[in-house]
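Structure, please.
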Amino acid sequence: MPTVRLHRNKGHQFFDNNDNELNGGTLEYDDAGTSNDQIVYSDSDGTSSLGSTVTLDSNGRLTTSIYVNTTGFKETLKDSSGNTIFTEDNIPGAEEIAAANFSKSQSIWNTITSSTSIPSGNAGEGYFCNTTSNDITVTLPQADVVGTGKDYTLFKTSGVNVLTIQTVLSQAITGLFVNGPTYKIFANGGMIQIRSNGASWFVVTDNRVGYPGQLIPTAEVIAPTGTVFTYGQTLSRTIYDEVFDNITLQVTGNTTNAGNQLTSISGLTEAIGAGCLIEGNGIPTGTTISSISGTTITMSANATATQAAVDVRLLPWGRGDGSTTFNAPNTRSYALIGRSNMGGDL
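Sure, this is the predicted structure:
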């Protein structure tokens, strides 16, 4: 029988890029760095094979737990039509090692009340992060120093202030809803377990409800911890940086002095349409999109400089003060309906 470890729990739910439950989606497993199928299992003994593809139910949930073997692997999430939604490669497999080589038990928990850097020798430990008095930033050690397969778990124990997990040397933290050097937890009880692959970090377990920028219906009269109501108010671009990045879009393009077009745009998506605010160097305050044709945006005002590959931010919900704040969506008296320009204007 192969040596296996638990990778995903039964009941884990997945969503597509439009926040819909991934009805009939699949998780596919290959050997790391290849397209060779890797067998996964439904039991801790490694006797019940699931093959290399696991199908989700009509609600996008796993109907069985998934156990992986000792070989590093690649995991790909697809919709029912076979379109790839997410791929994570070079995930460490299970390891069968001598008892003398085990890292510290996860039963070792530390309590912190201020920002700190985790020592590389503390692999396997957990951290209760009490943000009652202030924001806390926890800095991870270098993934290449810690080594492959080493975990840390962080748990936020207060409903106020923010817990930020950050890396050094811009090493990425990757998961279904995160890909960058920082990860923020706002809610009391928010927890993340992260693991080193020897070069960067990936999310093993994440109990965050929703993800930054997701609209969550609620009948509560007070916004649930870690969320805000959306009534068009201004929010800090620093505190809510993940939300800002997810509900706006940064592109690059060329401008011509006294011209009203942004050309050769890179990074434009169908989610942006006419009326969207634009900000960037050489673009007057309050400028909006008049129309889009291919990789060219026609603006409501003329640029004040000629520039190549200038960074431009597109803000469909509002720019706030244009530097330190932005606007949340204003959903007052609105039902949740998909954007009309998804897949082209109606």
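
what ranges do the strands span in the stretch 201-346 of the chain?
Along the stretch 201-346 of the chain, counting by DSSP state E, counting those that start in this stretch, strands occupy 201-206, 234-236, 249-255, 261-266, 277-280, 289-293, 296-299, 307-315, 325-327.

for those, which one sits closest to Leu27?
strand 201-206 (14.9 Å; C-beta to C-beta). C-beta here means a position set from N, CA and C on the backbone, and glycine is covered the same way.

Share the number of residues neighbouring the nearest residue to Ala187 once chain neighbours are set aside, please.
Using C-beta to C-beta, 6 or more residues apart in numbering and skipping residues adjacent in sequence, the residue nearest Ala187 is Gly226, 3.0 Å away. Gly226 has 19 neighbouring residues, counting by other C-beta atoms under 10 Å.

So which elements touch the helix or strand bottoming out on mean pLDDT in the chain?
Within the chain, no helix or strand scores below strand 178-180, which has a mean of 80 by mean pLDDT, DSSP states H and E. Contact partners of strand 178-180 among helices and strands, from 3 or more C-beta pairs under 8 Å, 6 or more residues apart in numbering; DSSP states H and E: none.

Mind doing that once more with 10 Å?
With contacts taken as 3 or more C-beta pairs under 10 Å, 6 or more residues apart in numbering; DSSP states H and E, strand 178-180 sits against strand 173-175, strand 201-206, helix 241-247.

What residues of the helix or strand following that strand count as buried?
Proceeding C-terminally, strand 178-180 gives way to strand 182-185 as the next helix or strand, assigned by DSSP states H and E. Within strand 182-185, the residues scored as buried using 16 or more other C-beta atoms under 10 Å are Tyr183, Lys184, Ile185.

Quickly run through the sheet partners of the next helix or strand after strand 182-185, with directions.
Using DSSP H and E, the helix or strand that follows strand 182-185 in sequence is strand 191-196. The partner list of strand 191-196 in its sheet, established with DSSP bridges, is strand 151-156 (antiparallel), strand 201-206 (antiparallel).

now those strands as JSON lines including mean pLDDT?
Conversion of the strands paired with strand 191-196 to JSON lines gives the following (pLDDT from 0 to 100):
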{"stretch": "strand 151-156", "mean pLDDT": "92"}
{"stretch": "strand 201-206", "mean pLDDT": "88"}
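
out of those strands, deepest packed?
Mean neighbours per residue, mean count of other C-beta atoms under 10 Å, is largest over the strands paired with strand 191-196 for strand 151-156, with a mean of 21.

correct me, but Val40 touches His7?
Yes. At 7.3 Å, Val40 and His7 qualify as touching, with contact defined as C-beta atoms under 10 Å.

who has more neighbours, the two?
More neighbours surround Val40 than the other of Val40 and His7, with 26 against 20 (other C-beta under 10 Å).

From Gly286, how far out is that one?
Val40 is 53 Å from Gly286, where distance means C-beta to C-beta, to the nearest Å.

For stretch 73-83, could you pull out the residues that count as buried?
Neighbour counts using 16+ other C-beta under 10 Å place Phe73, Lys74, Glu75, Thr76, Leu77, Lys78, Asp79 of stretch 73-83 among the buried residues.

Need the phi and psi values for Arg237.
phi -70, psi -20 (degrees, to the nearest 10).

And the nearest residue to it once chain neighbours are set aside, what's its pLDDT?
The shortest distance from Arg237 to any non-neighbouring residue, by C-beta to C-beta, 6+ apart, is to Phe244 (5.1 Å). Here, the pLDDT recorded for Phe244 equals 93.

The closest residue to Phe128 other than its chain neighbours sits in which helix or strand?
Leaving aside its chain neighbours, Phe128 sits nearest to Thr111 (4.6 Å; criterion: C-beta to C-beta, 6+ apart). Here Thr111, judged by DSSP H and E, is contained in strand 109-112.

Adjacent strands (with direction) for that strand?
Assessed with DSSP bridges, strand 109-112 is paired to strand 126-129 (parallel).

and the partner strand, which residues are buried?
Gly126, Tyr127, Cys129.

out of these, which one sits closest to Leu22?
Gly126 (30.1 Å).

Is it correct that that closest one is in contact with Thr157?
No. If you go by C-beta under 10 Å, Gly126 and Thr157 don't touch, sitting 11.5 Å apart.

so what sits against both of these two?
Common contacts of Gly126 and Thr157 (C-beta atoms under 10 Å, 6 or more residues apart in numbering): Thr111, Met191.
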